[in-house]
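In: Give me a model of this one.
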Amino acid sequence: MAVETFSNAPAPHLASRAVRDWLETQAHVLAYWREVLISTNESDGLIEVLDDHARFLQQAARVGEGHFPSCQ
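Out: Below you'll find the model as predicted:
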């Protein structure tokens with residue numbers, strides 16, 4: 001199966017940096033929602049899930065060459 005390419009896709013040498021930037025941005029978004037949940041006294045369980053996911057995204061953003069940590 002062929003991989004579809006897009007004319008606005010970043011150059012191959014910039015793609016990994018773009019992905020790491022995106023992952024880091026998503027971690028910041030999760031931090032925002034965590035603060036919202038804390039301010040509204042929401043479930044600690046949901047906050048823990050956001051914390052775990054934010055840590056995963058931050059770690060993934062720092063990893064190079066596509067060797068992402070296992071999701072297990």
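In: In the helix or strand hosting D51, which residues are buried?
Out: Assigned by DSSP states H and E, D51 belongs to helix 44-62. By neighbour count with 16 or more other CB atoms under 10 Å, helix 44-62 contains the buried residues L50, A54, F56, L57, Q58, A60, A61. In this view, the C-beta of every residue, glycine as well, is placed from N, C-alpha and C.
In: Same check on stretch 15-24?
Out: For stretch 15-24, a neighbour-count test (16+ other CB under 10 Å) marks L23 as buried.
In: do the same with stretch 22-40
Out: L23, Q26, A27, L30, R34.
In: got the contact list for that stretch?
Out: With CB atoms under 8 Å, 6 or more residues apart in numbering as the test, stretch 22-40 has contacts from S43, L46, I47, L50, D51, H53, A54, L57, Q58, A60, A61.
In: swap the cut-off to 10 Å and go again
Out: 42-44, 46-63, 68 (CB atoms under 10 Å, 6 or more residues apart in numbering).
In: Tell me where this protein is predicted with low confidence.
Out: 1-7, 64-72 (pLDDT under 70).
In: So which of the buried residues of stretch 22-40 belong to helices?
Out: The helices, defined by DSSP state H, take in L23, Q26, A27, L30, R34 from those.
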